[in-house]
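A.B. asks: what follows is a predicted structure for the sequence shown.
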Amino acid sequence: MDTYSDNVHRIKLDGREIILIGTAHVSKRSAEEVKEVIEREKPDTVCVELCQPRYQSVTDADKWKNTDIFKIIKDGKAMLLLINLVLSSYQKRLARQFGIQPGQEMIQGIASANDIGANLCLADREIHTTLLRLWRGVSFWGKIKLFFQIVLTMFDTEDVSEEELEKMKSQDMLTAALNELSQVSPKFKSILIDERDQYLAEKIKTAPGNKVVAVLGAGHVPGIKKELYHKHDLAQLSQVPPTSKIIKIIAWGIPLLILAIIASTFTVDRAAGVDQMVSWVLWNGTLSALGALIAFAHPLAVLTAFIASPISSLSPMLAAGWFAGITEAYIRKPNVQDFENMSEDIYSLKGFWRNKVTHILLVVVLANIGSSIGAFIGGADVLRRFFNAFF
């Protein structure tokens with residue numbers, strides 16, 4: 001007869017036994033219960049709610065030392081990494097408040113699986129895939145909402161209230177952090193929470209062996225218990241939606257339209273055409289430089305943003321923030337200590353600006369945002385001057 005708590009759920013499915021352990025990162029008892037269940041049940045496989053990058057983050061404390069900041073910028077992943085760090089910051093602030101080690105239940109699950117010789121299954125979808133599906137799956141205004149929610153999360157340094165604390169006793173810290181974003185819209189919840197329930201359920205259901213123990217955030221358990229009885233396509237859930245053809249047409253069409261409008265204006269009024277070019281350069285360059293300046297970028301990085309933005313705004317393949325960020329990285333190159341201090345620096349907004357790694361990411365993101373706003377305003381002004389010249 002089971003003597004476990006209500007957090008342990010035993011399910012019979014197709015002649016196999018699946019045991020779900022709903023853990024709460026705010027409870028030190030969770031890790032003890034994970035150890036107790038695995039040692040008593042001796043499952044063939046232990047599934048943990050981790051993906052490969054998160055597994056490495058809890059098992060390899062030195063992983064940040066191998067980060068290539070230049071490659072991250074060139075691959076256009078600065079925004080994704082920044083979002084990931086903001087989520088980590090939120091998790092670690094909670095862990096510090098509750099006086100616990102983040103992810104200790106998952107670490108215990110890994111250790112206990114090794115102790116009994118069980119297979120280890122990393123059952124969660126990669127966090128980068130989740131964030132990319134979110135970024136590609138929402139509208140322009142959805143992206144704006146997402147960005148401002150991230151900013152609010154960065155500025156929120158208050159401790160969690162007693163009421164919120166009670167709620168968090170039923171979910172893991174990553175889910176708590178993602179729930180902050182998922183509350184903004186149903187689409188966010190679908191991608192951040194529901195899809196992961198489906199992915200986790202399929203990984204657990206297809207794990208090898210007749211007895212499987214899964215270590216999960218308790219907030220996922222109700223969804224997974226339901227999804228275990230349905231089949232899910234892991235390849236489809238792991239697929240990052242390609243940029244739609246309409247978006248590609250708009251991305252290339254608007255710059256070509258801007259160039260065509262300026263060229264047309266030149267044929268009628270040369271002075272007005274020059275004014276259009278100056279307006280385009282000033283709006284793009286100034287606002288991108290302002291974004292870099294807000295990030296406290298080096299003067300040369302600010303200048304780079306100003307020069308690059310009017311050109312990069314005419315090509316969807318380029319971004320002013322990339323050039324500004326690479327310049328910042330060359331001038332203020334992060335050292336080993338910056339990577340070592342990231343786990344502490346991301347606790348606070350001040351730390352994000354102080355640490356050279358996160359500071360570079362902020363330069364990239366804010367210069368890009370400034371460039372986008374500048375392109376919008378500059379494009380509108382080019383259009384206004386065109387109508388003034390022709391009508």
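C.D. replies: Right, received. Where do you want to start? Residues are numbered from 1 along each chain as shown.
A.B. asks: drop to CA atoms for contacts and neighbour counts, all remaining ones
C.D. replies: Will do.
A.B. asks: and stretch 115-135, how far out from the chain middle?
C.D. replies: How far stretch 115-135 lies from its chain's middle: 14 Å, per CA atoms, centre = their mean, to the nearest Å.
A.B. asks: list the buried residues for that stretch?
C.D. replies: 118-135 (16 or more other CA atoms under 10 Å).
A.B. asks: restricted to helices, list those residues.
C.D. replies: Those of those mapping onto helices are 127-135, per DSSP state H.
A.B. asks: quick one: stretch 324-338 to chain centroid distance?
C.D. replies: 21 Å.
A.B. asks: repeat that for stretch 37-56.
C.D. replies: Distance of stretch 37-56 from the chain centroid (CA atoms, centre = their mean) equals 24 Å.
A.B. asks: pLDDT below threshold where in the stretch 151-300 of the chain?
C.D. replies: Counting by pLDDT under 70, the stretch 151-300 of the chain shows low-confidence ranges at 151-185.
A.B. asks: residue boundaries of the strands in the chain?
C.D. replies: Counting by DSSP state E, the chain has strands at residues 8-13, 16-23, 45-48, 119-122, 211-217.
A.B. asks: hmm, who's touching the third one?
C.D. replies: Outside strand 45-48, the residues that touch it by CA atoms under 8 Å, 6 or more residues apart in numbering are 38, 106, 109-110, 113, 118-124, 204, 207-209, 211-216.
A.B. asks: the closest residue to residue 112 other than its chain neighbours: how many residues sit nearby?
C.D. replies: Spatial nearest neighbour of residue 112, chain neighbours left out: residue 35 (6.1 Å); criterion: CA to CA, 6 or more residues apart in numbering. Using other CA atoms under 10 Å, residue 35 is surrounded by 17 other residues.
A.B. asks: for residue 35, give me its contacts.
C.D. replies: By CA under 8 Å, 6+ apart, the neighbours of residue 35 are 108-109, 112.
A.B. asks: among these, which lie within helices?
C.D. replies: Those of the contacts of residue 35 mapping onto helices are 108-109, 112, per DSSP H.
A.B. asks: most neighbours among those residues, please name it.
C.D. replies: residue 109 (28 neighbours).
A.B. asks: that one contacts residue 33, doesn't it?
C.D. replies: No - in this structure, residue 109 is not within contact of residue 33 by CA atoms under 8 Å, at 9.9 Å.
A.B. asks: which residues touch residue 269?
C.D. replies: residue 389.
A.B. asks: go ahead and confirm residue 30 touches residue 105.
C.D. replies: Yes - if you go by CA under 8 Å, residue 30 and residue 105 touch, sitting 6.2 Å apart.
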